[in-house]
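Undergrad: only geometry, no sequence info:
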């Protein structure tokens, strides 16, 4: 298992995780009527994540990788369930509102995470990190003002739920260091898979959508899985609130990809969204520079 303790290496790794996740909204926009097959989507993506993570663990640790499930404990179960809730809420949010609104809700993760980490882990956040979060807040408010007329109550509620679920996962990664991180992610995939199976069976709908949609479900699951592997690796060296702050590259990239004419979606962001995204970018640059200049952890652990 990869053990990363250098925060300066962890920062670009977590940034890359956010970039991988940013392609998620683009993949969803390419699907045929995703709002009609949410549980098939959750089923396919959850199964993909569970299989890929177990394959990764098998090649990393050998045939005894299954013993990690015995070490998951309460933190792993809570973290895996929180991540599963985030995954399930995401599809209901993005299919009920614009990608920008969904991603704006996800951009609130640092605030939820900071509160949870302070309450349950006693992680005190330094002034520099709060400055970064404040700059990001300005960007979020600007973008929210520019997109409020496009939002829906359902999309917003599920977006916030997804944000809180991911914050629970982030805090769980810092709770018990001995908890196998990748197994926690696999648990999230399993929870999604089992929940979707129960819903599909109880409502008597088909398990699989079209081959085209099913392929995109798996593609999205792969992107999520790779990002979570990188995110979990970076969690060893970065406090919880900072983890979610760095992952805001998902918000910036996600809005950009669905707008870029090259991909054919053309979901044009408003001027406020562009300006707000700039503030988010500034907050990330500021944080990264502080990390480079300061050899210690920014947060006081």
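TA: Cool, got the structure. The shown structure was predicted, so the numbers you read here are calculated from the model rather than taken from an experiment. Numbers count the residues shown, from 1 in each chain.

Undergrad: element containing the residue nearest to residue 185 when sequence neighbours are not counted, please.
TA: Counting by C-beta to C-beta, 6 or more residues apart in numbering, residue 228 is the residue found nearest to residue 185 once chain neighbours are left out, at 4.6 Å. The way it works is simple: take the backbone N, C-alpha and C, and place the C-beta from them, glycine included. Using DSSP states H and E, residue 228 sits in helix 211-234.

Undergrad: for residue 111, same thing?
TA: Counting by DSSP H and E, residue 111 is found in helix 109-116.

Undergrad: which element follows that helix toward the C-terminus?
TA: Following helix 109-116 in sequence, per DSSP H and E, is helix 127-147.

Undergrad: returning to that earlier point: got the contact list for the residue nearest to residue 185?
TA: The neighbourhood of residue 228, defined by C-beta atoms under 8 Å, 6 or more residues apart in numbering, consists of 17, 49, 83, 185, 188.

Undergrad: let's have those residues in a markdown table, adding neighbour count.
TA: Below are the contacts of residue 228 laid out as a markdown table (neighbours: other C-beta atoms under 10 Å):
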| residue | neighbour count |
| --- | --- |
| 17 | 26 |
| 49 | 28 |
| 83 | 28 |
| 185 | 30 |
| 188 | 30 |
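
Undergrad: from those residues, pick the one nearest residue 8.
TA: residue 17 (16.0 Å; C-beta to C-beta).

Undergrad: how distant is the helix or strand hosting the closest one from the center of its chain?
TA: Take DSSP H and E as the rule and residue 17 turns out to sit in helix 7-21. What separates the centre of helix 7-21 from the centre of its chain is 12 Å, taken as C-alpha atoms, centre = their mean, to the nearest Å.

Undergrad: how about it: buried residues?
TA: In terms of neighbour count (16 or more other C-beta atoms under 10 Å), helix 7-21 has its buried residues at 7, 10, 11, 13, 14, 15, 16, 17, 18, 19, 20, 21.

Undergrad: any chance of the residues you listed in TSV, with pLDDT too?
TA: Shown next, in TSV, are these (pLDDT from 0 to 100):
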residue	pLDDT
7	67
10	81
11	82
13	86
14	85
15	87
16	89
17	88
18	88
19	91
20	92
21	89
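
Undergrad: what about this structure, any weak spots by pLDDT?
TA: For the chain, residues meeting the criterion pLDDT under 70 lie at 1-7, 146-152, 177-178, 240-241, 244, 288, 290-301.

Undergrad: in it, which residue is most central in space?
TA: residue 166 (6.0 Å; C-alpha atoms, centre = their mean).

Undergrad: my read: it touches residue 109, true?
TA: Yes - using C-beta atoms under 8 Å, residue 166 is in contact with residue 109, at 5.6 Å.

Undergrad: quick one: residue 206 and residue 40 touch, right?
TA: Yes - judged on C-beta under 8 Å, residue 206 makes contact with residue 40 at a distance of 7.2 Å.

Undergrad: looking at the two, which has the bigger crowd around it?
TA: Higher neighbour count among residue 206 and residue 40: residue 40, with 21 against 9, using other C-beta atoms under 10 Å.

Undergrad: if we can go back for a sec, so what angle separates the directions of the helix holding residue 228 and helix 7-21?
TA: Per axes from the mean of the first three to the mean of the last three C-alpha atoms, to 10 degrees, the angle that helix 211-234 makes with helix 7-21 is 170 degrees.

Undergrad: how far away is the closest residue to residue 9 other than its chain neighbours from residue 13?
TA: In this structure, residue 9 finds its nearest non-sequential neighbour in residue 237, 7.5 Å apart by C-beta to C-beta, 6+ apart. Plainly put, residue 237 is 9 Å away from residue 13 if you go by C-beta to C-beta, to the nearest Å.
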